[in-house]
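Trainee: task: produce atomic coordinates for the following.
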Amino acid sequence: MQPGPLHLDPVLVPKTWGGRRLGGVGRRLPPGVSIGESWDVADLAPEVTPVTDPCSRVVNGVAAGRCLADVISDDASALLGPVPPSNGRFPLLVKTLDAREHLSVQVHPTEAYAAVHPEAAAKTESWLVLAAEPGSVLYLGVKPGVERDDVRRAAGTSAIVELLRAVPAQPGSLHHLPAGLIHALGAGVLALEVQTPSDTTYRLYDWSEEYGRAARALHLAEGLEVAMAAWDVNVDGQRSVHRVASEDGVLLDTPAYRISRSRLHPGAVHRSAPGQARVVYVLSGQVTGPELSWPLRRGGVVLLPACWDGKLVATTQSTLVEILVGSDRADDASSPDGGEDRTAGLGPPGGGRSVRAR
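Mentor: As a prediction, this is how the structure comes out:
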């Protein structure tokens, strides 16, 4: 029996920098714990992440209680269509992030680095800002005029922050972060994150003194090697940032995923073409459908299998994000990573496996 829309139980990840705002987007938070990440669609192997049970479990239908890896094992083509699994697992990781404090200044491995470091996993990601406190920023790449040696000298100290480009966190804006980009999610930001399935992070600075946090390991040698090799990504702000606060339609198209936004009037039907898996994330309003087990409100997530051909209906004024898993351009050889990002101003993505956390 082919699966219908899959509602998933999110994996809630405590973080020293996390907060309590995920409760406002439908996550049931344990009392007294700072939750930084909700892994809304996740399917990592336990050995590549410190997160306990890092696999989304289905909570409705014939697959209830099973993790995504089991659903893929049953019938990968029904769930994913022509897109291959990543080591037998779901090829994306979709999260909601709550940054009560600054996340570490960090960088993720590129495909080239991961190819010669089997313990690493390449990672590209994109952030859609859901909400932001006044004055909140995203740190993305380096300021004009900053040189490689400046970053080398400042790594591991607070001086590195002054070298980074601080971009205002505008709700509704989308920011693409190619592998190799030095970055940090700023305090006060609530964000949707779409990424390739990796938990590999190299920290260059962790704000331990500023926040009185317990010191965590830094990864200066690895992080600097990755950042130096991807220096063009770090100095070219247009490759890492794309502002789309008022735009609809396709916002971003990479070989790993495509992100689109739709605004629906009450009663409007959202119908996406079958053939590839899609993740629908409700930014505002409410949607339902004849095959949904319950309505989706703000922060609601549903995974639509490639085989499913149905409809979602807005019951109020609603805004949705749809994440297409893979791309029909994934075999395009026009970029070094096997595909060309066709959204203006954005750089090439990575993809991968995993090792550590923010």
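Trainee: Provide a list of residue ranges in the protein with pLDDT below threshold.
Mentor: Within the chain, the stretches with pLDDT under 70 are 1, 237-246, 328-358.
Trainee: for Arg298, see how far away the residue lying closest to Arg297 once chain neighbours are set aside is.
Mentor: Leaving aside its sequence neighbours, Arg297 sits nearest to Gln286 (C-beta to C-beta, 6 or more residues apart in numbering; 5.0 Å). Glycine gets a C-beta too; all of them are placed from N, C-alpha and C. Using C-beta to C-beta, to the nearest Å, Gln286 is found at 8 Å from Arg298.
Trainee: do Leu224 as well
Mentor: Taking C-beta to C-beta as the measure, Leu224 and Arg298 are separated by 40 Å.
Trainee: where do the strands of the stretch 151-300 of the chain begin and end?
Mentor: 164-168, 174-177, 183-185, 189-195, 202-205, 249-253, 257-264, 269-270, 278-284, 286-288, 296-297 (DSSP state E, counting those that start in this stretch).
Trainee: who wins for proximity to Pro84 among those?
Mentor: Closest approach to Pro84 among the strands of the stretch 151-300 of the chain is made by strand 257-264 (14.0 Å; C-beta to C-beta).
Trainee: give me the angle between the closest one and strand 278-284.
Mentor: With axes from the mean of the first three to the mean of the last three C-alpha atoms, to 10 degrees as the basis, strand 257-264 and strand 278-284 are set at 40 degrees to each other.
Trainee: who does strand 257-264 pair up with?
Mentor: strand 249-253 (antiparallel), strand 318-325 (antiparallel) (DSSP bridges).
Trainee: how far does that strand sit from its chain's centre?
Mentor: Centroid separation for strand 257-264 versus its chain: 15 Å, with C-alpha atoms, centre = their mean, to the nearest Å.
Trainee: what sits up against it?
Mentor: The contact list for strand 257-264 (C-beta atoms under 8 Å, 6 or more residues apart in numbering) reads 92, 126, 128, 174, 194, 244, 247-253, 270, 283, 285, 287, 314, 317-327.
Trainee: then stretch 289-297?
Mentor: With C-beta under 8 Å, 6+ apart as the criterion, stretch 289-297 contacts 4-5, 7, 26, 59-61, 280, 282, 285-288, 302, 308, 310-313, 315.
Trainee: report the buried members of these.
Mentor: 4-5, 7, 26, 59-60, 280, 282, 285-287, 302, 308, 312-313, 315 (16 or more other C-beta atoms under 10 Å).
Trainee: domain map for this structure?
Mentor: 8-240, 249-325 (automatic domain parsing).
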